[in-house]
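Return a 3D structure for these sequence lines:
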Amino acid sequence: MEEKLSIIIPTLNEKQNIKNCLTSLLNQTKKPYEIIIVDNGSTDNTKEIAKKFEKKFKEKEINFKLFYYPKGNQTNARDFGIKKSKGTIIGSLDADAFADKNWVSVIIKNFKDQKIVGIGGKSRFRNKGKIFNFFYISIYYLKLLSNLYCLGGGNSAFRRSAFISVKGYEGLEKLRKQENITHAKDDFFLSKKLEQIGKLKFCPDLNVNLQYRIRNNKTQKPIKLSIKEIITRIYLEITYDLRIKKFFNQQPALSKVFDFS
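Model (predicted):
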């Protein structure tokens, strides 16, 4: 039986990006099973723009769902969308992502290997130059070499059954408080959970283009960081990854840590 792909896209004031994102999914060489938009409390017309695509997806026999879920953050929205999904595979995209036309087909192809529980791809930034993107993509390979690789929420996919088995993001907030982690780290946390029950794979041919931006945690408006702030942010990201990795390495078994019974 072929896998069914549910694509989850959290949104928050994405009127400038959501049209391009959904257009890229309409033009895939292989159809996904369903598209799920979870709006995290937009005050612009993001929802109205997304709603206009419902008929277009229906014409291609692709299920389309739009939910309004103004609670918490992007992690909460993604978690809500996964719970509403019906597919066997969850495709994770950010609202500013423009997916390569083979994005869906690459995902379906890779999940023919039953040992794989999650895959992640490469992201490039359309508003940044070649040098910036070269160094950004190099980070993927450095993380692979240092065993710090994780699935990125803006371009990845994982088995829905695996997500449910490890209870998704449950335990993240407790760990963040325990380790004094101020960044979200939902992607790294989930990846560390998933890799304990199966294989994670980096797929260089799973490609999207994103809009480079950093948002204020409170207002969610784009902000510019100084060189010092960027260096500090990179340092903290690595530090937090190491703390989370150490936490999982110290545990005897995932089932005992999170009580999956």
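
Next, the contact list for Ala99, please.
Under the criterion of Cβ atoms under 8 Å, 6 or more residues apart in numbering, the contact partners of Ala99 comprise 21, 24-25, 28, 93, 155, 207-208. Where C-beta positions appear, they are placed from N, C-alpha and C, glycine not excepted.

chain center to stretch 53-67, what's the gap?
In terms of Cα atoms, centre = their mean, to the nearest Å, the centre of stretch 53-67 is set 21 Å apart from its chain centre.

I would like the residues contacting the top helix by length along the chain, please.
With secondary structure taken from DSSP state H, the chain has its longest helix at helix 227-249. Residues outside helix 227-249 that contact it (Cβ under 8 Å, 6+ apart) are 147-148, 150, 175, 179, 181-183, 185, 188-189, 192-193, 196, 225, 254.

Just the buried ones out of these, please.
The neighbour-count test (16 or more other Cβ atoms under 10 Å) marks 148, 150, 175, 181, 185, 188-189, 192-193, 254 as buried among the contacts of helix 227-249.

between those, which is closest to Gly121?
Nearest to Gly121 out of the buried ones among the contacts of helix 227-249 is Cys150 (Cβ to Cβ; 12.5 Å).

I'd say the closest one and Ser191 touch.
Yes - applying Cβ atoms under 8 Å as the test, Cys150 and Ser191 come out as touching, 3.7 Å apart.

Give me the nearest residue to Glu179, chain neighbours excluded.
Arg243 (4.6 Å; Cβ to Cβ, 6 or more residues apart in numbering).

What is the burial count for that neighbour?
Residues lying near Arg243 (other Cβ atoms under 10 Å) number 17.

Direction included, what does the lengthiest strand in the chain pair against?
Determined from DSSP state E, the single longest strand within the chain is strand 199-210. The pairing partners recorded for strand 199-210 under DSSP bridges are strand 98-99 (antiparallel), strand 116-125 (parallel).

Phe67: which of the ones you listed is closest?
Among those, strand 98-99 comes nearest to Phe67, with 20.6 Å by Cβ to Cβ.

Do me a favour and average the pLDDT over the closest one.
Averaged across strand 98-99, pLDDT comes to 96.

related to what we said a few turns ago, can you select the buried ones among the contacts of Ala99 for me in PyMOL?
Those of these that count as buried under 16+ other Cβ under 10 Å are selected in PyMOL with:
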select buried, resi 21+24+25+28+93+155+207+208
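
Among the contacts of Ala99, which lie within helices?
Filtering the contacts of Ala99 for membership in helices, criterion DSSP H, returns 21, 24-25.

Tabulate these (a markdown table), appending pLDDT.
Putting these into a markdown table (pLDDT from 0 to 100) gives the following:
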| residue | pLDDT |
| --- | --- |
| Cys21 | 97 |
| Ser24 | 97 |
| Leu25 | 98 |
